[in-house]
Each structure stands twice: as C-alpha cells, then as structure tokens.
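**Student:** I would like to see how this sequence folds:
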Amino acid sequence: MRKLKTLLAALLIAPTLAFAAGASLHLDQAPDVSGDKAALQNGAKLFVNYCLTCHGASQLRYNKLLDLGLTEQQIKDNLMFAANKLGEQMTVALRPADAKKWFGVAPPDLSLVARARASADGSGADWLYTYLRSFYRDDKRPTGWNNVIFANVGMPHILYELQGEQVLGPDHKLTLAVPGKLSPAEYDAQVRDLVGFLVWMGEPTAGLRKQLGIAVLLFLSILLVLSYALKKEYWKDIH
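**Tutor:** As a prediction, the model looks like this:
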C-alpha cells in the first residue's frame, strides 16, 4: 500500500506541484455526488468504459459495486468486461512493458488516486475534476495532447469524443475548437460523476464512517447531559 501511494505521488502529483509553483494553477470545485447513487453508478460505467482499458483499480473488487445499488446481474452485464467472477479485482490486461513503450510510463493504478491527491496538497476531487476538463491539442506531444494543470502529461485525452477538442490560446485560456458529442455542461456533468466514483473508490466506506461518527457524537451529547444531571443529583445535598 505504501509503495502504491508513493507511485501515485510520483506520477500524478509531483509534476502538478511543480506547475503550481508558478502561482498560475486554478482548480475548479468538484460537485459533491457522494450521496447520489445514480451519479456514482454512472461514474462506475464511465470508469469501466474509458479508464479501465489502461488504468487498473486493484484495491477494489467488482462485488463492492453492490454498495452503489447495482445488482449482481447489472454488474455482470454492464461492467465486467475483463473479469468472470464478481469477487475479482478490477485489473487490466495491459502489460506494464507495453504501456511504458506506448505512453512513456505505465499508467498507475487509480484505486487511491483521489486520496493520494488529497493527502499531498488537499486538492483531491478538485484536481481530478479540473484535470479531466483541461486537455488540449498539442502536436508537439507524442500523443497529440497536453494538459493545462499537468504539463507534458503522457496520458492522451480519453474522453475527447465526449468533450471535443480544445486549443490553448496565447492568453493561456482554453477554447473549444471542435465540439464533441456532449455540450460543455453535459460533459462537465459526466466528469463530475466520474470523479465522484474515483473519490468513492478510494474509500467506499466513507459514507458509513461519517454516519457512525454523527451517531457517536449524538450519543456522547446525550450521555453528557445525563452525566451532568446525575452529578447535580448526587451532589445536591452537599452544595
């Protein structure tokens, strides 16, 4: 686990921090869909169809997707293209050696990508949300793509058919030159769901943990009131 976090930090975080040192990094706030199972289900579909081709999620098993409200049959029919059993990990068939040859570096496992970014500089979902909306055409790059907040990124823009093609102007602003299948607002909504799933994937039990935390605090509050009342009753004859 420690090695995985180190790898994520090296591949995804360090270049971004270097770019941020220029004081020109702006991150858009990612909408919170942690309580929206429909959005998380859509995010899982996007992840499987677009990301799981190169990036694995080895810390997550397909049967964990049941927590999103999906049935076993829905998972098997719509999300299990590289596995046969629900208990299998979400891994890819792409060999690291081939990936390094094609992209210059093997695509990292994304199980903890949101948590790794949050641990590094607190950006977490905001960085991922901005990153996936900041690709632009760059003929100088081997893949033909670059990214505003991840300069010289090795990853191509896998969602370009949905977003379209952006270009970077002299003012360092992005302009949509070739429209995609979705409008900008629709594309942002898809990225929102995908990022929401990446955040959920990093800690699937976060919702339960928060609920338990609230319940514990309520219990302690009630216990405090009862303890104070007991203390007053116990000491009333003395004071």
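**Student:** run through the protein and note the low-pLDDT ranges.
**Tutor:** Applying pLDDT under 70 to the chain flags the ranges 1-24, 119-122, 239.
**Student:** how is it partitioned into domains?
**Tutor:** By the assignment in automatic domain parsing, the chain contains the domains 2-204, 211-239.
**Student:** deepest of the ones you listed, which one?
**Tutor:** A comparison of the domains of the chain by mean neighbour count, using mean count of other CB atoms under 10 Å, puts domain 2-204 on top with a mean of 17. To be clear about C-beta, it is placed using only N, CA and C from the backbone, and glycine gets the same treatment.
**Student:** for the chain, which segments are assigned as strands?
**Tutor:** 57-61, 89-90, 135-137, 145-147, 164-168, 174-179 (DSSP state E).
**Student:** nearest residue to the residue positioned nearest the centre of the chain other than its sequence neighbours?
**Tutor:** With distances taken as CA atoms, centre = their mean, Leu198 lies nearest the centre of the chain, 2.8 Å away. If the residues on either side of it in the chain are set aside, Leu198 comes closest to Ala114, at 4.9 Å by CB to CB, 6 or more residues apart in numbering.
**Student:** so what's the one you found up against?
**Tutor:** Shown in contact with Ala114 (CB atoms under 8 Å, 6 or more residues apart in numbering): 124-125, 128, 195, 198-199, 201-202.
**Student:** and the longest helix for this protein?
**Tutor:** helix 206-235 (DSSP state H).
**Student:** what about the helices in the chain?
**Tutor:** 2-8, 14-20, 37-46, 72-78, 96-103, 113-121, 125-131, 160-163, 184-202, 206-235.
**Student:** for those helices, give me CSV that also has distance to Asp28.
**Tutor:** Below are those laid out as CSV (distance: least, CB to CB, whole Å):
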stretch, distance to Asp28
helix 2-8, 21
helix 14-20, 14
helix 37-46, 17
helix 72-78, 29
helix 96-103, 26
helix 113-121, 14
helix 125-131, 5
helix 160-163, 14
helix 184-202, 9
helix 206-235, 22
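**Student:** Ala151 is nearest to which of the ones you listed?
**Tutor:** Between Ala151 and the helices of the chain, the shortest gap by CB to CB is with helix 14-20, which sits at 5.4 Å.
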